[in-house]
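**Student:** fold the following.
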Amino acid sequence: MKTLAILGGGAAGLAAAVSALRASERRVRVVIAERLPRVGKKLLSTGNGRCNFTNTDISAGHYHGDTRFAERVISRFGTEEAVRFFRSVGVPEYIEDGRVYPMSESAAGLLDALRAAASGAETATDFRAAALLPPKTPGGAWRILSENGAELMADAVIVATGGRAAPSLGGSDGSGIELLRALGYEVTRLLPALVQLKVERPSVAALKGVRVRAEASAFSKGQLVHSERGEVLFTEYGLSGIPIFQITAHEECDTVTLDLCPNICKGKLLDELENRKAILFTHTAEDFFAGMLQKRLGNLVLRAAGVEKLSRPVSSFDGGTLERIASALKRLEFRVSGRMGWESAQVTAGGVRAAQFDPETMESRLHPRLYAAGELLDVHGDCGGYNLHWAWATGITAGRAAARALEASEK
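**Tutor:** Residues are numbered from 1 along each chain as shown. You can find the predicted model right below:
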């Protein structure tokens with residue numbers, strides 16, 4: 001019996017195991033080699049424990065990196081295929097605003113279903129691969145050496161070890177990427193993605209815990225990178241929230257602006273500020289945004305508009321002052337000093353160049369019977385189930401193709 005080794009027991013690895021067992025009708029020995037004591041740990045934290053496993057809008061526009069490669073993969077494995085796969089392992093779906101969850105809304109339940117479906121595979125836990133050695137002769141076996149001296153021989157290998165994001169939550173430290181780099185594979189720059197941003201403005205620390213619905217826009221050297229609406233959270237170091245995470249799915253930026261009144265044009269906003277001045281004529285500046293903005297945020301807007309003294313009477317706000325306040329409300333600017341690190345990131349941007357693999361099978365173009373799947377490739381998605389979908393799409397594709405290739409080699 002031929003052996004298929006899957007390095008990594010995360011989302012992509014488990015999906016690969018299930019599809020390999022099914023494609024071969026268990027005539028191929030499948031071994032999952034996982035560095036942790038248990039498979040699937042990172043899955044438990046996805047979607048705040050609800051596991052948003054795909055989206056009703058799976059399209060290349062929601063992916064970054066090698067988008068051409070991503071499009072070829074997801075054109076063969078879209079939303080319907082993901083839903084069908086999970087129904088086949090006993091997980092019906094629940095849809096909310098395009099995000100697809102297990103009906104139980106439980107990441108633990110989805111993991112249990114995957115583990116049960118993959119129960120025909122052997123699992124080698126606490127196996128941290130230190131070297132991946134190709135066959136010495138055509139058709140020979142791959143050797144996988146672990147850090148503790150254990151060795152695994154396999155006729156085919158799927159590398160599904162993940163990127164570098166969230167190592168403490170069951171993510172990886174990028175060691176699988178280094179295994180492929182050592183074999184001569186090109187690796188693009190790695191960056192934490194779907195992560196919080198650090199900003200330079202010292203006063204932002206005073207806003208810790210403040211939430212506001214806004215349109216966040218990222219700029220690089222004056223050019224717009226991406227805009228996203230939603231709830232933004234201020235932290236002691238900078239900015240968080242889904243709009244900020246979505247920004248970090250794109251290229252790096254040096255500036256982020258917040259439109260705190262995205263549904264009002266600047267002209268109407270000025271009219272509103274004139275009305276507020278008339279209503280609050282006898283008050284001081286610190287009361288100007290009462291009922292409109294959280295007080296600490298309102299104070300920051302006033303300072304950005306040049307109103308330094310909060311004891312200043314509202315009656316002193318002339319047309320120029322109101323114009324500056326309106327501008328600050330529509331474009332509150334923050335200089336970006338960096339991203340939070342790998343521990344905070346949900347996913348890795350960059351990775352092993354996907355073009356070195358066949359999108360129809362996920363098999364390497366450099367080494368026969370070597371496959372790759374999931375986050376270690378240079379494709380990542382937006383928030384909303386896109387990254388888990390990528391794991392299922394590539395893992396299932398690789399598992400099916402590898403099992404069929406091994407079966408064919410025995411005929």
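**Student:** okay, buried residues for the helix ranked longest in the chain please.
**Tutor:** Determined from DSSP state H, the single longest helix within the chain is helix 386-409. Going by neighbour count (16 or more other Cβ atoms under 10 Å), the buried part of helix 386-409 is 386-403, 405-406. C-betas here are computed from N, CA, C, even on glycine.
**Student:** what does stretch 39-59 give?
**Tutor:** Buried-residue list, stretch 39-59, by 16+ other Cβ under 10 Å: 39-47, 50-56, 58.
**Student:** same deal with stretch 322-336?
**Tutor:** 322, 324, 325, 326, 327, 328, 329, 330, 332, 334, 336.
**Student:** now the most far-flung residue of the chain relative to its centre: phi and psi?
**Tutor:** Here the chain reaches farthest from its C-alpha mean at residue 282, the gap being 49.6 Å by Cα atoms, centre = their mean. With angles defined as degrees, to the nearest 10, residue 282 sits at phi -90, psi 0.
**Student:** looks like it contacts residue 315 (just checking).
**Tutor:** Yes - in this structure residue 282 lies within contact range of residue 315 using Cβ atoms under 8 Å: 7.1 Å.
**Student:** about what we covered before: got the buried residues of stretch 322-336 as a markdown table, with distance to residue 270, secondary structure and pLDDT columns?
**Tutor:** Putting the buried residues of stretch 322-336 into a markdown table (distance: Cβ to Cβ, whole Å; DSSP: H, G, I helix; E, B strand; the rest coil; pLDDT from 0 to 100) gives the following:
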| residue | distance to residue 270 | secondary structure | pLDDT |
| --- | --- | --- | --- |
| 322 | 6 | helix | 97 |
| 324 | 11 | helix | 97 |
| 325 | 9 | helix | 98 |
| 326 | 5 | helix | 98 |
| 327 | 10 | helix | 98 |
| 328 | 12 | helix | 97 |
| 329 | 10 | helix | 98 |
| 330 | 10 | helix | 98 |
| 332 | 16 | strand | 97 |
| 334 | 23 | strand | 95 |
| 336 | 29 | strand | 96 |
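**Student:** tell me the contacts of residue 179?
**Tutor:** Listed by Cβ atoms under 8 Å, 6 or more residues apart in numbering, the contact set of residue 179 reads 7, 129, 131, 132, 159, 161.
**Student:** rerun that using 6 Å as the cut-off
**Tutor:** Neighbour list for residue 179: residue 132 [criterion: Cβ atoms under 6 Å, 6 or more residues apart in numbering].
**Student:** got the confidence number for it?
**Tutor:** pLDDT, residue 179: 97.
**Student:** quick one: it is in a helix?
**Tutor:** Yes - assessed with DSSP: H, G, I helix; E, B strand; the rest coil, residue 179 lies in a helix.
**Student:** ok now the longest helix of the chain, how far from the chain's centre?
**Tutor:** 21 Å (Cα atoms, centre = their mean, to the nearest Å).
**Student:** could you do stretch 279-293 as well?
**Tutor:** Distance, stretch centre to chain centre, for stretch 279-293: 41 Å (Cα atoms, centre = their mean).
**Student:** ok, now stretch 181-193?
**Tutor:** With Cα atoms, centre = their mean, you get 17 Å for stretch 181-193.
**Student:** so which bits of it are buried?
**Tutor:** In stretch 181-193, counting by 16+ other Cβ under 10 Å, buried: 183, 185, 187, 190, 191, 192, 193.
**Student:** could these go into a markdown table alongside distance to residue 35 and pLDDT?
**Tutor:** Converted to a markdown table, the buried residues of stretch 181-193 look like this (distance: Cβ to Cβ, whole Å; pLDDT from 0 to 100):
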| residue | distance to residue 35 | pLDDT |
| --- | --- | --- |
| 183 | 19 | 97 |
| 185 | 20 | 98 |
| 187 | 19 | 98 |
| 190 | 18 | 96 |
| 191 | 23 | 96 |
| 192 | 20 | 96 |
| 193 | 22 | 97 |
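**Student:** out of those, which is nearest to residue 113?
**Tutor:** Of all the buried residues of stretch 181-193, residue 113 sits closest to residue 193, with 27.8 Å by Cβ to Cβ.
**Student:** distance of the closest one from residue 344?
**Tutor:** 11 Å (Cβ to Cβ, to the nearest Å).
**Student:** wait, is residue 276 part of a strand?
**Tutor:** No - per three-state DSSP, residue 276 lies outside any strand segment and is helix.
**Student:** grab the nearest non-local neighbour of it.
**Tutor:** Of all residues not flanking residue 276 in the chain, residue 288 sits nearest, at 6.5 Å (Cβ to Cβ, 6 or more residues apart in numbering).
**Student:** can you get me a residue count around the one you found?
**Tutor:** By other Cβ atoms under 10 Å, 24 other residues sit near residue 288.
**Student:** for it, report the pLDDT, please.
**Tutor:** 97.
**Student:** look up phi and psi at it.
**Tutor:** Dihedral angles (degrees, to the nearest 10) for residue 288: phi -60, psi -30.
**Student:** how near is the residue nearest to residue 331 when sequence neighbours are not counted to residue 18?
**Tutor:** What sits nearest to residue 331 in space, not counting adjacent residues and going by Cβ to Cβ, 6+ apart, is residue 257, at 4.8 Å. Using Cβ to Cβ, residue 257 is found at 45 Å from residue 18.
**Student:** with residue 316 instead?
**Tutor:** Remark: distance between residue 316 and residue 18 (Cβ to Cβ) = 69 Å.
**Student:** same check on residue 334?
**Tutor:** Taken as Cβ to Cβ, the span from residue 334 to residue 18 is 45 Å.
**Student:** which residues touch the residue nearest the centre of the chain?
**Tutor:** Nearest residue to the geometric centre of the chain (Cα atoms, centre = their mean): residue 347, 3.9 Å. Residue 347 is in contact with 165, 193, 194, 380, 387, counting by Cβ under 6 Å, 6+ apart.
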